[in-house]
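Undergrad: with the input below, show me the fold.
(chains A and B)
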Amino acid sequence: MKWIFLSGSLLGWGLGANDAANVFGAAVYTKIIKYRTAILCAAVFTILGALIDGSRGIEKLGDYAFESGVRTPMEAFYVMLAAGLTVFLMTLLKLPISTSQAVIGAIIGCGATHGAYEGFAKGGQFLSAWIATPLGALAIAYILYSLVQRFLNDMLNRFHFYEFIIRGGYLIAGIMGSYALGANNVANVTAIFTGKIGVLSIETAQLIGGISIAMGILTFSKPVMSTVGEGITQLSPIAGLIAVISAAITVYIYARIGIPVSTSQAVVGAIVGIGIKNGMQTIRLKVVRSIALGWVGTPAIAGVVSYAILKIFFRG
Amino acid sequence: MFHPKSKEIEKLLNFQADAVMEVFGCYDRSIVYIINGCEKEEIALFMKEIRAAEKKADNIRHQILRQLIEGGLLPDSRKLFAHIIERIDDIANVCEDIIEEIYLQELHLDKSLLSPIVSINGITRVQFGILQKALGAIVSNYKTNDLYAMIQEIEKKEAEVDTIEHDAIHYLFEQDMELAKKLQYKAIIRLVGHVADVIEDISDQIEIMMMTRNV
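TA: Prediction:
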């Protein structure tokens, strides 16, 4: 039965492959940091984040899953399989996807097969966190950018200082982001197998989840890094740096609260915050629509997929 | 994080600017002699002198490019400096081209060209001096307003050169001489004025760099 967590590991692998781009994509795309350095740092600090600060999210999500109707290891397996399939399908269709939202939706779908709908009501805490994530990153980015403009603008005219800040800054931001990624998202990968389901202990779940995400970063993050990195480089190097740091802080705050959130949406929020400060038109309707679709659409699709899989393969 | 290579690149950039100023100096002296009348062999000697100075500047440019390839600066900074050193090298190339054209076409420049050419070169020399200061500022520390003032001054000098160039060509075509000769002289005047254009292009690059770095 121990192999059952592998469906979560596969989801974790995909999460790592996609989300590494949010923390190191800009730096790698603009060649500030070498790809190899980026993925090694990302992998190490993701695992550290998962091991040191991942337990709260695992406990919270694990309890939520059990209370919402995921009662057996096999159900947990199928729920993670459904979440993984949803992520795969939406990636294939080039639709925006958040792993956290897919997992919650799949859990609710499982509960529905029991006729239990507590997941909906209790899912409200996650929905409010998803909405608050880009808004929180927006606020943090706005403040950080204002502070940098006020106190560091003249110092950035010093050639060596500028080179140092950009090179060192992106490395530190990437490390912060990777740590936050591990701390926050490890719950998505293995939380469902912990607690009363009893497949994994919290500590083992932290380790396996962290390693799964790290493996995704190490093996398959390169293609996504180019695409996502390009999106952030529309900003100046300093602005891009602030966007990554703001997203990292936001995601870490939610890691401490114990709610997995989307790193991509945090980055989008941060970019908007900087744009607002600059008076630029960065709020594009297409992006807002895609984020809003993620809040509702992704869990809905994952819920339907989970319900269908469990009905067909499990309950007969 | 304070890459020692960036210090080396700064030093070489200053050397290159000095070497190109030397080329400009050779060209400036030569053209005055040529217009006042000298033998073809003397022009050949001037060309040799300018070529030697241009080669020295070119060697420094290659050294800088090698340093840039080896790393040491951010990719954006490398791109900017690569562009700047190529354009600084163009200044030396234009100076060499002017004397070469006079030599190859066996041109005997009319003395009426002396005044506008000397004026243009005088302004260009001052303009290049301001550019050297601006280049020094971007590799060390600068106040935004001061650097903008230098850039504006460079643009102003380029506009002055344009005016003299325009007036000289206008005057040239009013003279009673063969059209072919007028066109030859016009080409030389344009080349002489082109040095100021190149300097102004470099200042545009500096302006772009400032915009990129500004928070």
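
Undergrad: chain A contacts on chain B?
TA: Residues of chain B found near chain A (Cβ under 8 Å from any Cβ of the partner chain) are B:1-3, B:6, B:10, B:73-77, B:138-144, B:212-215. Quick note: C-beta positions are derived from backbone N, CA and C, even for glycine.

Undergrad: can you tell me what sits against stretch A:80-88?
TA: If you take Cβ atoms under 8 Å, 6 or more residues apart in numbering or on different chains as the criterion, stretch A:80-88 is touched by A:7-8, A:10-11, A:14-15, A:97, A:99, A:102-103, A:105-106, A:109-110, A:188, A:192, A:298, A:301-302, A:305-306, A:308-310.

Undergrad: could you pick out which of the residues you listed are near chain B?
TA: Within those, nothing lies near chain B by Cβ under 8 Å from any Cβ.

Undergrad: for residue B:107, which three-state class applies?
TA: coil (DSSP: H, G, I helix; E, B strand; the rest coil).

Undergrad: do you know how far it is from residue B:43?
TA: Relative to residue B:43, residue B:107 is positioned 9 Å away (Cβ to Cβ, to the nearest Å).

Undergrad: related to what we said a few turns ago, now the contacts of stretch A:80-88: which count as buried?
TA: Among the contacts of stretch A:80-88, those that count as buried by neighbour count (16 or more other Cβ atoms under 10 Å in any protein chain shown) are A:7-8, A:10-11, A:14-15, A:97, A:99, A:102-103, A:105-106, A:109-110, A:188, A:192, A:298, A:301-302, A:305-306, A:309-310.

Undergrad: in strands, which of those fall?
TA: Among the buried ones among the contacts of stretch A:80-88, no member falls in strands (DSSP state E).

Undergrad: quick one on the thing from earlier: what about the residues of chain B next to chain A, which are in helices?
TA: Members of the residues of chain B next to chain A lying in helices (criterion: DSSP state H): B:6, B:10, B:75-77, B:138, B:144, B:212-213.

Undergrad: what residues are up against the nearest residue to residue A:306 once chain neighbours are set aside?
TA: Leaving aside its sequence neighbours, residue A:306 sits nearest to residue A:109 (Cβ to Cβ, 6 or more residues apart in numbering or on different chains; 3.1 Å). When contacts are counted by Cβ under 8 Å, 6+ apart, residue A:109 is found next to A:79, A:82, A:302-307, A:310.

Undergrad: for the residues you listed, which one is nearest chain B?
TA: Closest approach between the contacts of residue A:109 and chain B, by Cβ to the nearest Cβ: residue A:302, at 39.8 Å.

Undergrad: wait, the closest one sits on residue A:106?
TA: Yes: with contact defined as Cβ atoms under 8 Å, residue A:302 and residue A:106 form a contacting pair (4.4 Å).

Undergrad: how about the strands in the stretch 201-316 of chain A?
TA: Read by DSSP state E, counting those that start in this stretch, the stretch 201-316 of chain A holds no strands at all.

Undergrad: just the pLDDT for residue A:34.
TA: We have a pLDDT of 92 for residue A:34.

Undergrad: and the helix or strand residue A:150 falls within, what other elements does it pack with?
TA: Using DSSP states H and E, residue A:150 sits within helix A:124-151. Counting by 3 or more Cβ pairs under 8 Å, 6 or more residues apart in numbering or on different chains; DSSP states H and E, the packing neighbours recorded for helix A:124-151 are helix A:99-113, helix A:237-257, helix A:263-278, helix A:285-309.

Undergrad: how about TSV for these, with mean pLDDT and distance to residue B:86 added?
TA: TSV is the format used below for the helices and strands packed on helix A:124-151 (pLDDT from 0 to 100; distance: least, Cβ to Cβ, whole Å):
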stretch	mean pLDDT	distance to residue B:86
helix A:99-113	92	47
helix A:237-257	95	23
helix A:263-278	89	32
helix A:285-309	82	39
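
Undergrad: and of the ones you listed, who's closest to residue B:150?
TA: helix A:237-257 (23.3 Å; Cβ to Cβ).

Undergrad: near chain B, anything from that closest one?
TA: Yes: judged by Cβ under 8 Å from any Cβ, helix A:237-257 and chain B are in contact via A:237-239.

Undergrad: neighbour count winner among residue B:107 and residue B:43?
TA: Ranked by neighbour count (other Cβ atoms under 10 Å in any protein chain shown), residue B:107 and residue B:43 place residue B:43 first, with 21 against 17.

Undergrad: relative to chain A, how far out is that one?
TA: For residue B:43, the distance to chain A equals 42 Å [Cβ to the nearest Cβ, to the nearest Å].

Undergrad: residues contacting the residue nearest to that residue when sequence neighbours are not counted?
TA: Nearest residue to residue B:43, sequence neighbours excluded (Cβ to Cβ, 6+ apart): residue B:103, at 4.9 Å. Residue B:103 is in contact with B:40, B:43-44, B:47, counting by Cβ under 8 Å, 6+ apart.

Undergrad: which of those sits closest to chain A?
TA: Once Cβ to the nearest Cβ is applied, the member of the contacts of residue B:103 that ends up nearest chain A is residue B:47, at 37.8 Å.

Undergrad: what's the spacing between the closest one and residue A:209?
TA: 73 Å.

Undergrad: what do you get for residue A:77?
TA: 15 Å.

Undergrad: count the residues that sit near the closest residue to residue B:15 other than its chain neighbours.
TA: Leaving aside its chain neighbours, residue B:15 sits nearest to residue B:60 (5.1 Å; criterion: Cβ to Cβ, 6+ apart). Residue B:60 has 21 neighbouring residues, counting by other Cβ under 10 Å.

Undergrad: next, count neighbours for residue 135.
TA: Because you didn't say which chain, this covers chain A. For residue A:135, the count of nearby residues is 15 (other Cβ under 10 Å).

Undergrad: try again with chain B
TA: By other Cβ under 10 Å, 23 other residues sit near residue B:135.

Undergrad: tell me which element it falls in.
TA: Per DSSP H and E, the secondary structure element for residue B:135 is helix B:114-138.

Undergrad: quick one: that helix to chain centroid distance?
TA: 8 Å (Cα atoms, centre = their mean, to the nearest Å).

Undergrad: return the list of helices and strands in contact with that helix.
TA: Contacting helix B:114-138 under the criterion 3+ Cβ pairs under 8 Å, 6+ apart are the following elements: helix B:4-36, helix B:144-174, helix B:179-213.

Undergrad: okay, buried residues for the second one please.
TA: What it means is helix B:144-174. Of all the residues in helix B:144-174, those buried under the rule 16+ other Cβ under 10 Å are B:147, B:150-151, B:153-155, B:157-158, B:160-161, B:164-165, B:168-169, B:172.

Undergrad: of those residues, closest to chain A?
TA: Set against chain A, the nearest of the buried residues of helix B:144-174 by Cβ to the nearest Cβ is residue B:147 (8.1 Å).

Undergrad: once you drop chain neighbours, what's closest to the closest one?
TA: residue B:137 (5.6 Å).

Undergrad: again, but for residue A:135
TA: Nearest residue to residue A:135 in three dimensions, chain neighbours excluded: residue A:269, at 6.2 Å (Cβ to Cβ, 6+ apart).

Undergrad: now swap in residue A:207 and tell me
TA: The shortest distance from residue A:207 to any non-neighbouring residue, by Cβ to Cβ, 6+ apart, is to residue A:51 (6.5 Å).

Undergrad: likewise for residue B:143?
TA: In this structure, residue B:143 finds its nearest non-sequential neighbour in residue A:157, 7.1 Å apart by Cβ to Cβ, 6+ apart.

Undergrad: so the one you found touches residue B:146, yeah?
TA: No: shown here, residue A:157 and residue B:146 do not form a contact pair, counting by Cβ under 8 Å, at 10.0 Å.

Undergrad: buried residues in stretch A:19-32, which are they?
TA: When burial is assessed from 16+ other Cβ under 10 Å, stretch A:19-32 yields the following buried residues: A:19-30, A:32.

Undergrad: from those, which single one is nearest residue B:15?
TA: residue A:32 (27.8 Å).

Undergrad: perfect, I'm done here.
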